[in-house]
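In: here are the coordinates; sequence isn't available:
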Ligand code: MRU
């Protein structure tokens, strides 16, 4: 059985259509939306129909194929596709996998010979398959890092829904659980969008893997009680010095982990490493609508501060797991060597 048979597919290319599993409706409803043009896909990324850094990158690659299908044969096709790519690029700023996938698609467009839809589709499929394979390798490398009887805490959703493969952090956790290296899995609800209590809980339940959910604010207490040996999370962008942008709340977990001598492991494919961004403070952090936090309008005076990612300094990270291997105590030199 291939890994595509085992895992939920959030991004599907089918007969010149892109099908996205609408993650806003999970776990209550499993609804796929069909896309035949690029701009609505940029909207879907912005609106979180699809989310998670690798899944966003794969989606963007297929959206470029849709753009080529739409504009094929027009005199200004090349410029129109580039315009669509710029729209995709703006849809979510933090996850570097988006820019990475678009750069790969643009390399084909930059070739002197006119680009064919087929070659763009081949490249999008290749990006998708490479990410799937990377997930499987990271699961092996990450599992090897765990001591037996581990108590693992994860944050956000980093499984199939976020990667279109077996997952990054959740891929490691699933694999390690099957290898009987994990005693207990804990997952934060991940406010405000509830990627943990809606998506991670759902994914683990689909695989009959038990999980204990907790409020984000209970995590430090859980560590203080000695229940956690490893925090395992994904990343949206890793700067050249090893600083990590990930779901808001990751930094707080890293601080608490250090206080309680808990290992802090980041699992991310090489497509998430961004050598062009020197350090975490250079990473653009997306701010989302206050409506995600405030359930009603209070009028003037009540506003919300809603950054959806934070930056964890490299110094708080025990190891970064990639498909090429593990970087212990990450720093600029080790990241450059990995790349
Ligand atoms: O806002 P989201 O749901 O797209 O945020 C997702 C995360 O922060 C994940 O941890 C990250 O993309 C890594 S997923 C493999």
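Out: Okay, I see it. Remember, predicted model here, so these are calculated numbers, not experimental data.
In: tell me the contacts of the residue lying closest to residue 328 once chain neighbours are set aside?
Out: Using C-beta to C-beta, 6 or more residues apart in numbering and skipping residues adjacent in sequence, the residue nearest residue 328 is residue 319, 5.0 Å away. Backbone N, C-alpha and C define where each C-beta goes, glycine included. Taking C-beta atoms under 8 Å, 6 or more residues apart in numbering as the contact definition, residue 319 lies against 145, 263, 265-266, 326-330.
In: need these in a markdown table with pLDDT, can you?
Out: Listed next are the contacts of residue 319 as a markdown table, based on pLDDT from 0 to 100:
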| residue | pLDDT |
| --- | --- |
| 145 | 97 |
| 263 | 98 |
| 265 | 98 |
| 266 | 98 |
| 326 | 98 |
| 327 | 98 |
| 328 | 98 |
| 329 | 98 |
| 330 | 98 |
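In: These also near the ligand: which ones?
Out: By C-beta under 6 Å from any ligand atom, no member of the contacts of residue 319 lies near the ligand.
In: Just among the residues you listed, which is most surrounded?
Out: Highest neighbour count within these, by other C-beta atoms under 10 Å: residue 266, with 30 neighbours.
In: who's that residue bridged to?
Out: Here residue 266 sits in beta bridges with residue 233, residue 320, as judged by DSSP bridges.
In: gap between it and residue 141?
Out: From residue 266 across to residue 141, the span is 12 Å (C-beta to C-beta, to the nearest Å).
In: what residues do the two have in common as contacts?
Out: With C-beta under 8 Å, 6+ apart, residue 266 and residue 141 have common neighbours residue 321.
In: got a list of what whatever residue of the chain ends up closest to the ligand touches?
Out: Minimum separation of the chain from the ligand (C-beta to the nearest ligand atom) falls at residue 234, amounting to 2.8 Å. Residues near residue 234 by C-beta under 8 Å, 6+ apart: 52-53, 156, 158, 162, 168-170, 246-247, 266-268.
In: Low-confidence stretches in the stretch 1-150 of the chain?
Out: Counting by pLDDT under 70, the stretch 1-150 of the chain contains low-confidence ranges at 1-5.
In: need the residues of the stretch 201-339 of the chain near the ligand, please.
Out: Within the stretch 201-339 of the chain, the positions adjacent to the ligand are 234-236, 246-247, 308 by C-beta under 6 Å from any ligand atom.
In: ok so, going back, ok, the contacts of residue 319 vs residue 133, which is closest?
Out: Among those, residue 326 lies closest to residue 133 (C-beta to C-beta), at 17.1 Å.
In: what is the closest one paired to in the beta sheet?
Out: Bridge pairing for residue 326 - DSSP bridges - gives residue 321.
In: residues in contact with stretch 92-108?
Out: Against stretch 92-108 from outside (C-beta under 8 Å, 6+ apart): 45-46, 52-54, 56-58, 60-61, 64, 82, 85, 88-89, 91, 115, 119-120, 123-124, 127, 236-237, 245, 269, 271-272, 274, 277, 283-286, 308-309.
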